[in-house]
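K.L.:
Kindly generate the corresponding structure for this input.
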Amino acid sequence: MILVVGSSNIDLVASVDRLPSRGETVLGYRFAQSFGGKGANQAVAAARAGAEVAFLSKLGADANGRLIEQHLAAQGLSRPILLRDAEFPTGVAMILVDLSGENQIAVVPGSNGRLTPADLRQHRELIAGARVLLLQMEIPRETVFEALRLGRECGLTTILNPAPAAPLPSDLLRLVDILTPNESEAQVLTGSTDPAEAAQILTGRGVGTVVVTCGANGAFLTVGKKDVTHIPGFLVETIDSTGAGDAFNGALACAVAEGVPIKSAIVRANAAGALATTGRGAQESMPTKDDIEQLCRSGVRQMEPRQRS
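P.N.:
All right, here's what the predicted structure looks like:
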């Protein structure tokens, strides 16, 4: 079983021709309300990829919280444990998506910021019953730290997606078995704009395995202090990149829980991330296990990293 501990949000999504510059107002041509939060997205992604998934999150005692609870009940999660906070509202994300599928996101955490280490300790049996623990940074850092500590204590494989990006202390990183930053997050963590170099810096700080995701360019993998391996991405027609990284992490956790070797697990995760960009919205576009396997068998891969313009 995979245990995902993390955020649940209502997403407010506006489609625009192009993303605004600083201080600029742009007009949109489509608006949608959907379900998000990196924790919930990754839990749904892992379940769609074929895993048994438990999910621990905290919602507000409000209408948005009730909507999320009803939605997650229909997403195939084996144990959705949704705590309530009477003081803070359910989290909200405001997302702009341009014609190329690129996005800008602002998150108001709300009740996600009230998930505490004590909440985790009260559900220790849930952690002990899992094989893989998947975390992100949309809940308080001290809660992430406690989850990693408990996960290590219970013998789980710990995966941390360090998003939103912020510098992380070495004592936290040493509790992470697999770290999955994207390029910008890797730069925040290390100061390097080179994903391969960033991966090596992070393993030097105590992370067992680092996977730096690079969108259509695939991912860079390093295990321990070995050389970095580039694992190509898949070529697809992108509509909306929202949730692609979450699809990657959910599928990766699923493959790791199944005992798939890490390079093959990343191929699956790359396929899931690519497929997630071919639909609109986050959870709505998470691919199924069959979709992922089909793309892995027949999809065209980007064999060399594409140069940025």
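
K.L.:
ok now do the residue nearest in space to the middle of the chain, which residues does it touch?
P.N.:
Among the residues of the chain, the one closest to the centroid is D246, at 3.2 Å (Cα atoms, centre = their mean). D246 makes contacts with K38, N41, Q42, A45, N161, A276, A282, M286, as judged by Cβ atoms under 8 Å, 6 or more residues apart in numbering. Where C-beta positions appear, they are placed from N, C-alpha and C, glycine not excepted.

K.L.:
Please apply the same query to S15.
P.N.:
S15 makes contact with G28, Y29, R30, F31, L96, V97, D98, according to Cβ under 8 Å, 6+ apart.

K.L.:
mind listing which of those are in helices?
P.N.:
If you go by DSSP state H, those have nothing in helices.

K.L.:
okay but L120 is in contact with I127, surely?
P.N.:
Yes: with contact defined as Cβ atoms under 8 Å, L120 and I127 form a contacting pair (7.2 Å).

K.L.:
just to revisit the earlier point, what about the residue nearest to the centre of the chain, which SS state?
P.N.:
Assigned with DSSP: H, G, I helix; E, B strand; the rest coil, D246 falls in the helix class.

K.L.:
how far away is it from H123?
P.N.:
Distance from D246 to H123, counting by Cβ to Cβ, to the nearest Å: 22 Å.

K.L.:
ok so, going back, who touches both of L120 and I127?
P.N.:
Residues touching both L120 and I127 (Cβ under 8 Å, 6+ apart) are A147, L150.

K.L.:
what's the spacing between A186 and A163?
P.N.:
According to Cβ to Cβ, A186 and A163 sit 11 Å apart.

K.L.:
ok, those two, which is more surrounded?
P.N.:
Counted by other Cβ atoms under 10 Å, A186 and A163 do not tie: A186 has more neighbours, with 30 against 20.

K.L.:
In three-state terms, label that one for me.
P.N.:
The assignment at A186 comes out as helix when based on three-state DSSP.

K.L.:
surely it meets E197?
P.N.:
No: using Cβ under 8 Å, A186 makes no contact with E197, being 9.0 Å away.

K.L.:
Report pLDDT for the residue nearest to the centre of the chain.
P.N.:
Looking at D246, its pLDDT reads 97.

K.L.:
Leaving out chain neighbours, which residue sits closest to it?
P.N.:
Nearest non-adjacent residue to D246, counting by Cβ to Cβ, 6 or more residues apart in numbering: N41, 3.6 Å away.

K.L.:
Endpoints of stretch 160-170, how far apart?
P.N.:
14 Å (Cα to Cα, to the nearest Å).

K.L.:
With stretch 14-25 instead?
P.N.:
Terminal-residue distance, stretch 14-25 (Cα to Cα): 13 Å.

K.L.:
Now do the helices in the stretch 201-309 of the chain.
P.N.:
244-257, 262-276, 289-298 (DSSP state H, counting those that start in this stretch).

K.L.:
Please apply the same query to the stretch 1-150 of the chain.
P.N.:
Using DSSP H, counting those that start in this stretch, helices in the stretch 1-150 of the chain cover 38-48, 63-72, 117-122, 124-128, 141-153.

K.L.:
Flag every buried residue along stretch 134-141.
P.N.:
Buried residues in stretch 134-141, counted by 16 or more other Cβ atoms under 10 Å: L134, L135, Q136, M137, E138, I139, P140.

K.L.:
same deal with stretch 49-65?
P.N.:
49-60, 62, 64-65.

K.L.:
What average pLDDT does stretch 293-309 get?
P.N.:
The pLDDT scores in stretch 293-309 average 68.

K.L.:
on that earlier part again, what's the most buried one of the helices of the stretch 201-309 of the chain?
P.N.:
Compared across the helices of the stretch 201-309 of the chain, helix 244-257 shows the largest average neighbour count, a mean of 29 (mean count of other Cβ atoms under 10 Å).

K.L.:
Can you redo the buried residues of stretch 134-141 as CSV, where the extra columns are distance to R174 and pLDDT?
P.N.:
Putting the buried residues of stretch 134-141 into CSV (distance: Cβ to Cβ, whole Å; pLDDT from 0 to 100) gives the following:
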residue, distance to R174, pLDDT
L134, 18, 98
L135, 15, 98
Q136, 18, 97
M137, 17, 96
E138, 22, 95
I139, 20, 97
P140, 19, 97
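
K.L.:
The residues you listed in strands, which ones?
P.N.:
Applying DSSP state E to the buried residues of stretch 134-141, the entries found in strands are L134, L135.

K.L.:
Show me which of the buried residues of stretch 134-141 is closest to H71.
P.N.:
Nearest to H71 out of those is E138 (Cβ to Cβ; 17.6 Å).

K.L.:
Touching, that closest one and P109? I think so.
P.N.:
Yes: using Cβ under 8 Å, E138 makes contact with P109 at a distance of 6.4 Å.
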